[in-house]
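Peer 1: What would the 3D arrangement of this be:
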Amino acid sequence: MKRYEQLAATIAALIQSGALAPGARVPSVRAASAQYGVSPATVFQAYYLLEDRRLIQARARSGYYVRSPANNALAEPAASRPSPRSTAVDVSELVFSIVRAAKDPALVPLGSAFPSPLLFPWQRLTRSLASANRQQSAWSSVLDLPPGNETLRRQIALRHLTNGVAAAGDDVIITNGALEGLNLCLQAVTRPGDVVAVESPGFYAALQALERLSLRAVEIPVHPRTGLDLEALKAALQQHAIRACWFMSNFQNPVGALMPDEKKRELVQLLTQHEVPLIEDDVYSELYFGGSYHRPAKAYDEAGWVMYNSSFSKTLAPGYRIGWVLPGRFGERIERLKWMTTMNASVPAQAAIADFLTHGNFDRHLRKLRHTLETQQTQMLQAIGNYFPRATKVTRPSGGYFLWVELPVGIDALKLQQIVLEHGISIAPGPLFSAQPAYQNFIRLNYGHIWSDKIEQALQTIGRIAKSML
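Peer 2: Here you go, the predicted model:
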C-alpha cells in the first residue's frame, strides 16, 4: 500500500469510528503533513482519495470537512410509466408562461435551468476574452466560420480523448450552445410527421424542438438511478417507425439518472442495429460527484450513429453560448444546416474559451464547482426531509444540479408553482417535462444556487404550502 493510501485509510478509520464526526474539519494539509510525517503532496493525494470515496469534501478557502450524510428518510420515486403511444407535442405555451415568470432576478430561482452565475470564473474568462481579442487576426471572422475556431476544436477533441472518446479536432462542429446543436441534429435526420423517441420525464426544450418541427414523440420510461428503460425502447422500436432518439445518458434532466456503462453500450448497439440515430445531450457529464468522469454513449459508437452534443454553458461560461457537436456520419448535413441558419457562433467567444482551456486551468475550476454542487445537494436534501410532506419522494443523483421531487398525490404542481411564485419563489412543475398529461404532483428543484438562509426559507415555504394542499 502506498503512503497516501495508508494515510487515507487512517483518516477513514477515524471517520468511521466517529472520532471525526460529520461536519468536523479534517486537519489542514500542513498540519497533517507534520502530524503524520509525510509530504504535503502525499496529504493532497490522500485527501483526493477520500473525496472520491465521498468521505470528505473541500470547502472553498476553508479546508476539508467530513461529509454529512444526506437525509435518507425520504424514499426515491419509482420509474416513470408513460403511455407507449406516439403523441403530438404541444407544450410551448406552458413552458413559455412558466419560464417568463421565473426570469425575475428577485425570485429564489429553484425552478431555474442554470446554476448560479456566481459559481463561474468570470474574471479569468474576461482576461481570456481580452487576451484572445488582442491576438485575434482580422481573418478570424472568416477562418472561424463553420466548423469553428481551430484551437477550440482541438482543445475539445483533446478533452474527449483524455476521457475515452475517440475524437479529432476535425470531428468537432462549434454551435451556439448545445441547444442549437441538438436542434441541428434533429433537423438533419427527420421530416415533419416523423416519430422521435424521448425520455419521460424529459427535457422540455427537446419537446419544444419536436413541436417546432411538427414531429411526434414516443416517450420512453426513465428509472431514477439507471436511466432509460431499454426494454421499453426495444418495444417502441418494434411498434413505431422511430427516425431518431434524443436521450441524456449522464445526469438526465430532470431526474438526474446516470446510465451504467454497459447499458450505454447496449443502447448504442441496439440503435446501430436498427440504424436509428441517437442525438445525445451530454451537457452535465463534467459535473460528477466523487469517482471519475462517466463516458457518454458516444464512447461506444463504432458506426457513427451517435450525434454527440455538449457545451460550456453549464460548466464554465453560460452567457458565451459555445457548444459543439461530434456528428458521426451526419457531419456534412449538420455543417450545411449550420451555414444555412446562424452561420457561426461568436468569434470572440470561441477564441476566449479556447484561451481559457489552454491557460485557465479548467479542471481546477471544475473540481471546485463539483464540490460546491455536491455540498448544496446535501443541504437541499436535508431541507426537503425537514420541511416537505412526509410522503415526499426525491432522487439522489450523483452529479448535475437537479432534484426530481414526487409530492404526495393530491398536490397539483401547477397550482403549487403559481402560489409559491406569489411568495417570490420559482419551481419547475412536473407537467413541463412530458408531452402527455403526466407528473401532475412532481416538481424539479435546482440546487445549483449558493446555499443561504433565503433558500432554506424558500424550501420551508414550499413545504408548508404543499402540506396545506393535502
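
Peer 1: for the biggest helix by length in the chain, the distance to its chain's centre please.
Peer 2: Longest helix in the chain by number of residues (criterion: DSSP state H): helix 362-387. In terms of C-alpha atoms, centre = their mean, to the nearest Å, the centre of helix 362-387 is set 13 Å apart from its chain centre.

Peer 1: packing partners for the helix or strand following it?
Peer 2: Using DSSP states H and E, the helix or strand that follows helix 362-387 in sequence is strand 393-394. Strand 393-394 sits against strand 402-406, with contacts defined as 3 or more C-beta pairs under 8 Å, 6 or more residues apart in numbering; DSSP states H and E. From N, CA and C alone the C-beta is placed, and that goes for glycine too.

Peer 1: Enumerate the positions of the strand it packs on that are buried.
Peer 2: For strand 402-406, the neighbour count (16 or more other C-beta atoms under 10 Å) marks Phe402, Leu403, Trp404, Val405, Glu406 as buried.

Peer 1: can you list those residues in JSON lines and add distance to Val325 and pLDDT?
Peer 2: As requested, the buried residues of strand 402-406 are exported to JSON lines (distance: C-beta to C-beta, whole Å; pLDDT from 0 to 100):
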{"residue": "Phe402", "distance to Val325": "23", "pLDDT": "97"}
{"residue": "Leu403", "distance to Val325": "29", "pLDDT": "98"}
{"residue": "Trp404", "distance to Val325": "27", "pLDDT": "98"}
{"residue": "Val405", "distance to Val325": "32", "pLDDT": "98"}
{"residue": "Glu406", "distance to Val325": "34", "pLDDT": "98"}
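
Peer 1: Which segments of the protein make up each domain?
Peer 2: Domain ranges of the chain: 3-66, 86-118+364-468, 121-360, per automatic domain parsing.

Peer 1: ok, His423 touching Leu459?
Peer 2: No - the criterion here is C-beta atoms under 8 Å, and His423 misses it with Leu459 at 11.6 Å.

Peer 1: where does the chain dip in pLDDT?
Peer 2: 60-61, 68-73, 101-102, 138-141, 143-144 (pLDDT under 70).

Peer 1: mind listing the strands for the stretch 1-150 of the chain?
Peer 2: 56-59, 63-66, 86-88, 108-109 (DSSP state E, counting those that start in this stretch).

Peer 1: Just list the residues touching Gly328, thanks.
Peer 2: Gly328 is in contact with Pro277, Asp301, Gly304, Trp305, Val306, Met307, Tyr308, counting by C-beta atoms under 8 Å, 6 or more residues apart in numbering.

Peer 1: Spatially central residue in this protein, please.
Peer 2: In the chain, the centroid-proximal residue (C-alpha atoms, centre = their mean) is Tyr284; its distance is 2.7 Å.

Peer 1: which residues touch it?
Peer 2: Tyr284 sits in contact with Met248, Asn250, Phe251, Asn253, Lys314, Gly399, Gly400, Tyr401, where contact means C-beta under 8 Å, 6+ apart.

Peer 1: other SSEs contacting the one helix or strand Ile455 maps to?
Peer 2: If you go by DSSP H and E, Ile455 is part of helix 453-468. On a contact count with 3+ C-beta pairs under 8 Å, 6+ apart, helix 453-468 meets strand 108-109, helix 362-387, helix 413-422, strand 425-426.

Peer 1: how does it look with 10 Å?
Peer 2: strand 108-109, helix 362-387, helix 413-422, strand 425-426, strand 442-446 (3 or more C-beta pairs under 10 Å, 6 or more residues apart in numbering; DSSP states H and E).

Peer 1: Include mean neighbour count and distance to Ala351 when you put those into TSV, please.
Peer 2: Shown next, in TSV, are these (neighbours: other C-beta atoms under 10 Å; distance: least, C-beta to C-beta, whole Å):
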stretch	mean neighbour count	distance to Ala351
strand 108-109	22	30
helix 362-387	19	15
helix 413-422	17	40
strand 425-426	22	34
strand 442-446	25	31
